[in-house]
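Colleague: my questions are about this predicted structure, shown below with the sequence.
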Amino acid sequence: MMAELLGRETGYCKGKGGSMHIADLEQGNLGATGIVGSGIPVATGAALAVQMRKESRVVACFFGDGAANQGAFHESLNLAAIWKLPVVYVCENNQYAMSGSAREMFPIPKIAERAAAYGIPGVAVDGNDVLAVHAAVVDAAARARRGDGPTFLICETYRWKGHSRSDANRYRTKEEIAGWQARCPIVRLRAHLEGKGILDTQTAAVIERDVQEELEKAIQFAQDSPIPTLAGVEADLYA
């Protein structure tokens, strides 16, 4: 993945996908595009394939609050509900679609309420609570495997930084950002595990060191990998 981010031949998509188009079919990652909400109908189609093959797999689709206002969202959830497809629609409500606040973009206070229009469960959880998200997804996946159809899961969370590098963050306050940073899911999970006696300071330090080493190795691997050549520009254009 790091090689793909740096545009190298050893990347998932041989350096041609970049940060917005990473895909790895062997691992079940069908890929992403820069079009808002475009993964929703793709996930719905994948769920239909799972159903037709009578597999026990479940499709998980991730998108932001802004994508929940796209036409493809409504069409996909309606179809998935009618056919009871094994798919979990995970909306990461980070409160802002670019610079537009979700409070101004939805006429209802809770996005999860939209699920009622399709006759499927609409579940809202604290997106910064790892255990709460895990429990909700486990329930939704079990429902899908039983043949009961899709679930619309809303994870209330927040993006600390701007939508892009050119985003000056002028539409929100520093106090608002700091308030959400204090709810960091990693910090909260670590405190929970330490409170339960599952994790101690020494073990946490070892985990952080191992993760840092893994990241550094990935970066070095990417930097040492070759850049795609012009000779291969037409390769993989068609399956």
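Modeller: Happy to help now that I have it.
Colleague: strands along the protein, start to end?
Modeller: If DSSP state E is used as the criterion, the strands of the chain fall at 59-64, 87-93, 96-97, 100-101, 122-126, 151-156.
Colleague: check which residues of stretch 59-71 are buried.
Modeller: Val59, Ala60, Cys61, Phe62, Phe63, Gly64, Asp65, Gly66, Ala67, Ala68, Asn69, Gln70 (16 or more other CB atoms under 10 Å). To be clear about C-beta, it is placed using only N, CA and C from the backbone, and glycine gets the same treatment.
Colleague: can you tell me which of the strands of the chain comes nearest to Ile108?
Modeller: Ile108 lies closest, by CB to CB, to one member of these: strand 122-126, at 10.7 Å.
Colleague: got the CA positions of that closest one in CSV?
Modeller: Output in CSV follows, covering the C-alpha atoms of strand 122-126 (Å, rounded to 0.1, in the frame of the first residue of the first chain):
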residue,chain,number,x,y,z
GLY,A,122,-30.5,2.0,11.2
VAL,A,123,-27.9,1.8,13.9
ALA,A,124,-26.0,4.8,15.3
VAL,A,125,-22.9,4.2,17.4
ASP,A,126,-20.0,6.3,18.8
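Colleague: go ahead and confirm Leu153 touches Gly127.
Modeller: No: counting by CB atoms under 8 Å, Leu153 stays clear of Gly127, with 9.5 Å between them.
Colleague: those two: which has the busier surroundings?
Modeller: Between Leu153 and Gly127, counting by other CB atoms under 10 Å, Leu153 is the more crowded of the two (26 against 22).
Colleague: just want the most central residue of this structure.
Modeller: Centroid check for the chain by CA atoms, centre = their mean gives Phe62 as the closest residue, at 3.9 Å.
Colleague: just the pLDDT for it.
Modeller: Phe62 is assigned a predicted lDDT (pLDDT) of 95.
Colleague: verify the stated contact: it with Val90.
Modeller: Yes: using CB under 8 Å, Phe62 makes contact with Val90 at a distance of 4.9 Å.
Colleague: buried ones in the lengthiest helix in the chain?
Modeller: If you go by DSSP state H, the chain has its longest helix at helix 201-224. Judged by neighbour count (16+ other CB under 10 Å), helix 201-224 contains these buried residues: Ala222.
Colleague: and the average pLDDT for that helix is what?
Modeller: 97.
Colleague: contact partners of that helix?
Modeller: With CB atoms under 8 Å, 6 or more residues apart in numbering as the test, helix 201-224 has contacts from Met1, Met2, Ala3, Leu5, Leu6, Arg8, Thr10, Gly11, Arg190, Glu194.
Colleague: the fifth one: what's it in contact with?
Modeller: Under the criterion of CB under 8 Å, 6+ apart, the contact partners of Leu6 comprise Gly15, Ala222, Gln223, Ser225.
Colleague: closest to Arg165 among these?
Modeller: Ala222 (19.8 Å).
Colleague: just the pLDDT at the residue nearest to Val36 when sequence neighbours are not counted, thanks.
Modeller: Once flanking residues are discounted, Val36 sits nearest to Ala67: 5.1 Å by CB to CB, 6 or more residues apart in numbering. pLDDT for Ala67: 93.
Colleague: same deal with Ala239?
Modeller: So Ala239 comes in at 69 (pLDDT).
Colleague: turn the strands of the chain into a markdown table, columns for distance to Ala46.
Modeller: Below are the strands of the chain laid out as a markdown table (distance: least, CB to CB, whole Å):
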| stretch | distance to Ala46 |
| --- | --- |
| strand 59-64 | 5 |
| strand 87-93 | 8 |
| strand 96-97 | 24 |
| strand 100-101 | 29 |
| strand 122-126 | 21 |
| strand 151-156 | 16 |
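Colleague: where does pLDDT dip in the chain?
Modeller: The chain contains residues with pLDDT under 70 at 239.
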